[in-house]
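Student: after the sequence you'll find the predicted model.
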Amino acid sequence: MGLSTATTAVSEAIQLCVFDSRRGQQEGQELDKILFFYPADLPFTKQLYIIGLSEGLITFTRTFSPEAACEVIEAEKHSHVFFEAEQDIWMVLVVEKNKELEAIWRIDALQKLLKEIHSLFLMFHGSIRLLLEKEPTGEVSRSHLYSFIMDYLNDFLVGKKLHLPSFTDCLKERGTVQMLTIGRDAALDVQALVRTLDSCIGNTSCHSLILFQDLLVSTTLSPDDTTNLFSYAVLRLIPRVLSSGASSWSYLIRGNVASHVGQHGGNVGNRVIRPLQHGKWSKGKDGFLETDIWGMEASGWVGSTPKIWLFQTEEQMCLYVHQHKTLTLILLVPVSSIPNGEQGVSIVRQYILENASLKIVKVEEKLSKGWGGENAYHVGGYRYLLVDGDRQISRASPPGKVTTLAKESLLAMSKLRENVDLEKSRAKQDSDGEEKELEVTIRAKNNAWVISRITRGKELYMALEKANETLLYASDMVEKFSNRYCNGAFSLD
Amino acid sequence: MSGRPSRLQPGAGLSKSSALSHVYIQYPPLRCRIPGSRGLFFDDGNKLLICPILDQIFSWKTVPFNPAVAYTSDTITEGPILSVRYSLDLKIIAIQRSSHEIQFLIRETGQTFSQKCRQESESILGFFWTDCPLCNIVFVKTSGLDLFAYSSDSKSLHLVESKKLNVSCYAYTHESRLVLMASGLQCKTFHGFQLSAAGIVRLPKFEMTMAKSDANSKPVLAIEDVFIITVYGRIYCLQVDRLAMLLHTYRFYRDAVVQQGSLPIYSSSIAVSVVDNVLLVHQVDAKVVILYDIFTDSRAPISAPLPLLSRGFPGPNIDVRSSKQDNATLEDDAVPDEAIVYGDGWKFLVPDLICDHVNKLVWKIHIDLEAIASSSSEVPSLLEFLQRRKLEVSKAKQLCLTLTRTTILEHRPVASVAKAIEVLISSYIRTTKVGPNNKESKTDRSQSVVPQDSGSGPVPGSNNRDSAAGVESEALHRTSIFPSSDSEENADIKQLNTVPGNHQSIVEAQASSSQYQHLGPGCIRLNDDVSDEGSMISSPSISPDEMYSFVFAPIEEEIVGDPSYLLAIIIEFLRRVNMEKIKVNPNIYVLTVQILARNERYTEIGLFVHQKILEPSKEVALQLLESGRHNFPTRKLGLDMLRQLSLHHDYVSLLVQDGYYLEALRYTRKFKVDTVRPALFLQAAFATNDPQLLSAVLRFLSDLTPGIKHTSDYIRYHQILTEMNSCASA
């Protein structure tokens, strides 16, 4: 097979590239296509080979399916996962297949990873296409993409090796939000706080996101924007991350980036914003998080205001993060409505301190009191994942509990999910928006029940070990769970 | 009661003059001109105005106040008259003939008898009838109190008890059942007794405060400068300190008299009235009146001093606006100067009447809630004030609603609107706790007014306790003191509003139609249904449902632009209501969904539904379905809510409507929903033109529904299926 791109180097077990198929159309200019490549030190010939192959596959599959070209190509030794981030801008992840267990991937999970990278990039830098249009040489885009993706991948680095989500993560769903369940009392208090935050600058439509530890409490953003901001907050802003601070910082990668940017960029005037860099946020005395990611003000300690793009409205927003104990408040104010730059910024902060402080303290107290600890959402006997696709929300057994599952169960679950993913994507293409229902209950080799239920946009996956052997028992367990925790959404029969 | 904001009140040229006064007297007065009158007396026990002539006495009831009331007359023997009081059952008239003799006339028989005291050592200062169980009448003498019981058999009084005291002068009001007796050189040492239906309470001796001009001067306290008033079921004594220009207030507890601070005065002559628990301090020389609501500890006046106004004065082409001008012309017209405010002959009667001895008239004092409301910008405290009103309940309520609407429409800060809502909800909670009869059905309402007002007493009591002693005595006072006649006063208001309002409302009707548009503080208008419905509600408190119907719903139509503000207010409202665990009408939730959906804030709808901020109900579910026409996840929220509420029929119908036949059928089987017609499923399955689906549905139904095979629907669709199949195979 011609797909045997793998070399023996361990570091090449995983390759990730971003390319623009509109660029470098002429012979000899193919390098221009490449916007990002990991590992960066792979010889250009090999980089070009992978990109050429991917492009070829895309063109080929387009002839059958013009709207959705290939998603994945399984070769003998590699899987190629495709994600068309923007029109003609592709992200391709090549993972090596080997006998090691960690190398058992679920394609959809990998695609979600690519999607997350892109969504976060969009949030901070705007679309790649736009960047390229602004600066046709692509140097700025490359340096942005490079530092951004490297900072992102840094989280997956164990030693020198990238550990991408594998079958052990089958009871997790990337690109969803985890929510804190709160009572009506607390919810109303939170909403009162949200209203105060949203009215911080007159009638302008501000948005806010409130997190308790790593769980979402409230949002006024669209599901997509909520997911992006939530993911970012959990990665870089929540108290747990702040306190762990710079310790996880890898000097190896930093060295790489520096050399790379120097080599490619050369354009000193254009600062590269690296929002995913570790240890760049710190909590100030007034509870606001400070960062110098967006540069320093000439005046001194206050960093330039962080700004992000909203996906839904394509509006640029100033980002304020305030933290009180376990509560993280993220406030977004349209850049256009902040009148006099930094002065306006401090006005917003002042407003929040004056008007919302008391409410923040109260809400934090109330939520802390009602919080059941990190195992709050554990349900005895079950290992589950619950996904609400409409709202992009998921809830799962706590990771500590999932690790108690046997490898066989996890493998079976991963396999099941793989099939369900396939079924789902087929259904999506077939029907006109009508949602299919699905019910799968499998007895795994180790006698565990591995179950999947899909109904009207909601998905439930669960693994039951040490369970009774009858199918009746298994469906009874699902029914109980559904009635108790899902308002009966899965107990149709 | 109508909450439509655009509806205007008829009635009352009131608002024209509202900027000028907060207190007014309404023309016509009660006239008691009897030729040969020998003075006017007021019997506050029976609220009777009494006018004796040589051999007759005439009396007019002042409660309910009706200027057209007819007098009753009794024949008496001739002789001097110092004072007249009817017994509380109105059977006996007591006439003080001299400082030593009181004569009694039994009205039924015309019999008389007399009670005298020792000529040399003592004299009678006055007397009053009492409903104290021990005695019927009390003489206040220079040597103390004599308590007599009347025996109808022997037609005579016998002494029950004597309280020995030196008394130089005394004050008594029937309303408080409290007699205060002054002694000492300066007349500033006071002894007090309360003789109520609950028994006799002796108050501790206390001294009143008097400023001195220098060390040696000893000003003497005149009894005219001491007032006993009853507000919110509490008894206070007010004392004018002429030198310090202060009005000292003392509050009576069962075992203590506590000075409660002082109010400044601006006139050497002071009179005091109480209207609907509002204290009116008339600065007679300055011809203005200052209003205080001494419910709270605050001693700040409700509003700036303004003149007392006379309203509704008739005359040729007279616009009743300005009393001063009109008075000038009126005097020329030889119309008696009835309308001169603070005239020389004015005497202020307890609690809210003015007796004009010169013109032989009685006026009743009113406060103008509308005017007060429009002159204050402190909305929360204003609402508190209005919520405490008991007389013009409906008007107070309407004013509260209007004020709340206005503050929201004016986009006042959320915090202050929240405070206003807080006031209204707390007040509602109090009334529901104090007077359960508030929530009675409509048919019972008119009756419930009486127990509400006289029985449970003033709203407050329960939450304003200064001390343990206070609690105790308050309870006592409430039972024993609270004026029994108040319930009648309610009725009186009703009449007042109908009687003089009639001709004015006609005048006003034309001018008023467009006035709601500008809700400036000067023209706060309300739906004045007082006259016809005033007696229907017993408290101005506003239930959460009324908040929806009369505040949120009307406002939602008017408010423009960004909905965040209204949303913030609704959240504050729900929060407050939730704290009290009050169930609210689903309409408010429906409204919330509408607002959010209109602005495409679907994420928040989802959040609100999941966090149960919007309580599940069929109304909300249907609104979610409606709002979800352009947002499928929202529609699903509605469906899910129907399912959670076990509204099986609606749920199944909607599933079918959305094309989920099999799910619907399974659900039908599971929950044994038998209200959905099988034809609905068959029709839907047929519409897909898929024989497989149709056959599945047929099969399903035949398993599920016994006997369906013989129904026409089944046979028909079975036929169709056979045809479809044969077509397919051919």
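Tutor: Yep, that arrived.

Student: any buried residues in the helix or strand where A:A427 lies, and which?
Tutor: Element membership for A:A427 (DSSP states H and E) is helix A:407-430. Within helix A:407-430, the residues that count as buried by 16 or more other CB atoms under 10 Å in any protein chain shown are A:408-418, A:420-421, A:424. In short, each C-beta sits where N, CA and C put it, glycine included.

Student: who touches it?
Tutor: A:68, A:71, A:101, A:104, A:106-108, A:166-168, A:170-171, A:383, A:402, A:405, A:435-436, A:438, A:440, A:442, A:444-446, A:448, A:450, A:452, A:454, A:459, A:461, A:463, A:465 (CB atoms under 8 Å, 6 or more residues apart in numbering or on different chains).

Student: state the next helix or strand along the chain beyond that helix.
Tutor: Next element after helix A:407-430 (DSSP H and E): strand A:438-443.

Student: touching chain B at all, that next one?
Tutor: No. Using CB under 8 Å from any CB of the partner chain, we find that strand A:438-443 stays clear of chain B, coming within 11.0 Å at best.

Student: out of the contacts of helix A:407-430, list just those in helices.
Tutor: A:107-108, A:402 (DSSP state H).

Student: buried ones only from these, please, as a PyMOL command.
Tutor: Isolation of the buried members of those (16+ other CB under 10 Å) is achieved in PyMOL through the command below:
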select buried, chain A and resi 107+108+402
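
Student: interface residues of the stretch 251-400 of chain A facing chain B?
Tutor: A:355, A:390-391.

Student: hmm, 6 Å instead?
Tutor: A:390-391 (CB under 6 Å from any CB of the partner chain).

Student: closest residue of the stretch 251-400 of chain A to chain B?
Tutor: Residue nearest to chain B within the stretch 251-400 of chain A: A:D390 (3.7 Å; CB to the nearest CB).

Student: now that residue. Nearest residue, chain neighbours left out?
Tutor: B:P633 (3.7 Å; CB to CB, 6 or more residues apart in numbering or on different chains).

Student: now render the ones in helices among the contacts of helix A:407-430 as JSON lines, adding distance to chain B and pLDDT.
Tutor: Converted to JSON lines, the ones in helices among the contacts of helix A:407-430 look like this (distance: CB to the nearest CB, whole Å; pLDDT from 0 to 100):
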{"residue": "A:I107", "distance to chain B": "26", "pLDDT": "91"}
{"residue": "A:D108", "distance to chain B": "21", "pLDDT": "92"}
{"residue": "A:V402", "distance to chain B": "24", "pLDDT": "93"}
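
Student: what's the burial count for the residue of the stretch 351-500 of chain B found nearest chain A?
Tutor: Nearest to chain A, among the residues of the stretch 351-500 of chain B, is B:V414, at 6.7 Å (CB to the nearest CB). By other CB atoms under 10 Å in any protein chain shown, the residues close to B:V414 number 21.

Student: give me the spatial nearest neighbour of it, chain neighbours excluded.
Tutor: B:A568 (4.7 Å).

Student: which of the three states applies to the one you found?
Tutor: helix (DSSP: H, G, I helix; E, B strand; the rest coil).

Student: got it, and the one 5 residues further on?
Tutor: Here B:F573 is recorded as helix under three-state DSSP.

Student: need the contact list for it.
Tutor: B:I421 (CB atoms under 6 Å, 6 or more residues apart in numbering or on different chains).

Student: just the pLDDT for B:N437.
Tutor: B:N437 is assigned 46 on the pLDDT scale.

Student: can you check B:L291 too?
Tutor: Value for B:L291, per-residue pLDDT: 89.

Student: give me the residue ranges of the stretch 351-500 of chain B where confidence is low.
Tutor: By pLDDT under 70, the low-scoring segments of the stretch 351-500 of chain B are B:435-500.

Student: give the other helices and strands that the host helix or strand of B:L591 contacts.
Tutor: Element membership for B:L591 (DSSP H and E) is helix B:587-598. Applying 3 or more CB pairs under 6 Å, 6 or more residues apart in numbering or on different chains; DSSP states H and E, one finds that helix B:587-598 makes contact with helix B:618-627.

Student: do a quick rundown of the helices in chain A.
Tutor: A:44-62, A:107-125, A:128-134, A:139-154, A:184-198, A:223-232, A:239-244, A:251-264, A:341-370, A:399-402, A:407-430, A:471-485.

Student: and the angle for the last one with strand A:438-443?
Tutor: It refers to helix A:471-485. Calculated by axes from the mean of the first three to the mean of the last three CA atoms, to 10 degrees, helix A:471-485 forms an angle of 130 degrees with strand A:438-443.

Student: tally of neighbours for whatever residue of the stretch 151-300 of chain B ends up closest to chain A?
Tutor: Nearest residue of the stretch 151-300 of chain B to chain A, counting by CB to the nearest CB: B:T296, 24.2 Å away. For B:T296, the neighbour count with other CB under 10 Å is 13.

Student: now swap in the one 5 residues further on and tell me
Tutor: Under the neighbour criterion other CB under 10 Å, B:P301 is assigned a count of 16.

Student: now do the closest residue to it other than its chain neighbours against A:S304, distance only.
Tutor: Residue nearest to B:P301 in three dimensions, not counting chain neighbours: B:I290, with 4.9 Å by CB to CB, 6+ apart. Distance from B:I290 to A:S304, counting by CB to CB, to the nearest Å: 59 Å.

Student: separation between A:N446 and chain B?
Tutor: Applying CB to the nearest CB, to the nearest Å, the value for A:N446 to chain B is 32 Å.

Student: shouldn't that residue be in contact with A:L464?
Tutor: No. Contact criterion CB atoms under 6 Å: A:N446 and A:L464 do not qualify, at 11.3 Å.

Student: that older thread, more neighbours, B:I290 and A:S304?
Tutor: More crowded of B:I290 and A:S304, by other CB under 10 Å: B:I290, with 23 against 18.

Student: would you put the C-alpha positions of the helix or strand harbouring the more buried one in CSV?
Tutor: B:I290 is located in strand B:288-292, with elements delineated by DSSP H and E. Once non-C-alpha atoms are left out, strand B:288-292 reads as follows in CSV (Å, rounded to 0.1, in the frame of the first residue of the first chain):
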residue,chain,number,x,y,z
VAL,B,288,-50.3,74.2,57.0
VAL,B,289,-50.4,70.6,57.9
ILE,B,290,-47.5,68.2,58.2
LEU,B,291,-48.0,64.4,57.8
TYR,B,292,-46.1,61.8,59.7
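
Student: which helix or strand lies directly C-terminal to it?
Tutor: From strand B:288-292, the next helix or strand downstream (DSSP H and E) is strand B:308-311.

Student: who does that following strand pair up with?
Tutor: Paired strands of strand B:308-311, with direction, are strand B:23-26 (parallel) (DSSP bridges).

Student: then the strand it pairs with to CSV, C-alphas only?
Tutor: C-alpha atoms of strand B:23-26 as CSV (Å, rounded to 0.1, in the frame of the first residue of the first chain):
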residue,chain,number,x,y,z
VAL,B,23,-55.0,66.9,53.2
TYR,B,24,-58.4,68.2,52.4
ILE,B,25,-61.9,68.6,53.7
GLN,B,26,-64.7,67.7,51.3
